[in-house]
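Novice: here is a sequence with its predicted model. Questions after.
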Amino acid sequence: MDVVSDAISAVRIGRASSRRVRVDGTWSARLAPYAGAGFHVVLEGGCRLLTGAGETLALGPGDAVLLPHGAEHVLADAGADADAAARAVPFESWHAVSRTRERPDPSPRGTEPGTPGGPGGPGEVELLCGKYRLDRSRAHPLMAELPEVVHLPNRLGRHPELRSAIDLLGRELGQWRPGGGIAVPGLLDLLLVYMIRAWLDQDTAGAWPAALGDPVVAAALRALHEEPAAPWSNDRLAAAAGVSRATLARRFSARVGRPPMAYLTWWRLTSAAALLRGTEDPLAAVARQVGYGTPYAFSHAFQREFGTTPGRYRARTAA
């Protein structure tokens, strides 16, 4: 695995959910805070997104927005004024104009004739709105660094993979197609990866975009994430990155915020927590998978990091 894949896998739980929403006229809807990540993709038309900080984003066809921390926000029509947030209705009240995409929708537009979301209205907009379920209790710092709103405008030549995923989702959601029950969840997973990749490409000030852009630090991170259970040492990791131990320690600590071996310990235990939550593997097997030779050594390190034993942690999260 690589850093981005591991960072997502460490917090993802369950499947993403999404709704296709088609509406016209003057409207505004408030989306409450969510213990996960929200996203919106404009399939047709345009609208506005109003953040809790008072920022207004104009969104057009093909634009994507990721709200990685589940922040409260308002969606409104393209001509919305400053009072749109005050008159916003809860998003959940839009059931008449949206459908949860748990399985393929036989309706070609996902709306009922004669509803406010019926086709052909002025200022009509079609959105794909959804959520990813996340467990932030041990979020990777890359995920924690994401801003409240990641706006990814549809610009010619930018983020071609993201554009392709949006196009494919639009086609899958536009009409019922065999296999859509598998295709749509898979494309939603791809969408999250491509949105985070696009943020990494366009963010020039963040610590983690800089870390992954540093060839030495990136090589060290790639080695640690590909083989977290390997018997790493500072010397061995420096050799893998092709630099001296001192150079690696200086650049890694500056970019990542902790020394290489401290990061490795944290990541091993974070991975162990995910295994305890998501599998029934015995403690000895979990310990081996994350690089600990004995269950005793693993339990000692885990308790020091989490404040509880692996067994109690598993029981608590299962409950």
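Specialist: Cool, the structure landed.

Novice: would you mind measuring from the residue with the shortest distance to the centre of the chain to residue 236?
Specialist: The centroid of the chain falls nearest to residue 192 when counting by C-alpha atoms, centre = their mean (4.9 Å). Relative to residue 236, residue 192 is positioned 33 Å away (C-beta to C-beta, to the nearest Å). Every C-beta, even on glycine, is put in place using the N, C-alpha and C of the backbone.

Novice: the stretch 101-250 of the chain: strands as residue ranges?
Specialist: With strands called from DSSP state E, counting those that start in this stretch, the stretch 101-250 of the chain shows them at 125-133, 150-152.

Novice: deepest in the core, which of those is it.
Specialist: The highest mean neighbour count among these, using mean count of other C-beta atoms under 10 Å, belongs to strand 125-133: a mean of 21.

Novice: pull the distance from it to the chain's centre.
Specialist: Averaged C-alpha coordinates place strand 125-133 at 13 Å from its chain's average position (C-alpha atoms, centre = their mean, to the nearest Å).

Novice: and the biggest helix by length in the chain, what does it pack against?
Specialist: Ordering each helix of the chain by length in residues (DSSP state H) puts helix 180-202 first. Here helix 180-202 touches helix 3-11, strand 36-44, strand 64-67, strand 125-133, strand 150-152, helix 160-174, helix 207-213, going by 3 or more C-beta pairs under 8 Å, 6 or more residues apart in numbering; DSSP states H and E.

Novice: for residue 300, phi and psi?
Specialist: Main-chain dihedrals, residue 300, degrees, to the nearest 10: phi -60, psi -50.

Novice: that one and residue 315, how far apart?
Specialist: Spatial separation of residue 300 from residue 315 under the definition C-beta to C-beta is 19 Å.

Novice: and residue 25, that's in a helix?
Specialist: No. Using DSSP: H, G, I helix; E, B strand; the rest coil, the assignment for residue 25 is coil, not a helix.

Novice: model confidence for it, exactly?
Specialist: Listed pLDDT for residue 25 reads 88.

Novice: number of nearby residues for the nearest residue to residue 244 once chain neighbours are set aside?
Specialist: What sits nearest to residue 244 in space, not counting adjacent residues and going by C-beta to C-beta, 6 or more residues apart in numbering, is residue 238, at 6.0 Å. Using other C-beta atoms under 10 Å, residue 238 has 20 other residues around it.

Novice: contacts only, for residue 238.
Specialist: The contact partners of residue 238, taken as C-beta atoms under 8 Å, 6 or more residues apart in numbering, are 220, 244, 245, 247, 248.

Novice: just the buried residues of those residues.
Specialist: Among the contacts of residue 238, those buried by neighbour count (16 or more other C-beta atoms under 10 Å) are 220, 245, 248.

Novice: just put the residues you listed in JSON lines and tack on distance to residue 304 and pLDDT.
Specialist: Output for the buried ones among the contacts of residue 238, formatted as JSON lines (distance: C-beta to C-beta, whole Å; pLDDT from 0 to 100):
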{"residue": "220", "distance to residue 304": "24", "pLDDT": "97"}
{"residue": "245", "distance to residue 304": "26", "pLDDT": "96"}
{"residue": "248", "distance to residue 304": "25", "pLDDT": "97"}
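
Novice: now, which of those residues sits nearest residue 93?
Specialist: Proximity of these to residue 93 (C-beta to C-beta) peaks at residue 220, which lies at 50.0 Å.

Novice: ok, that closest one touching residue 252?
Specialist: Yes. Residue 220 is within contact range of residue 252, at 5.8 Å (criterion: C-beta atoms under 8 Å).
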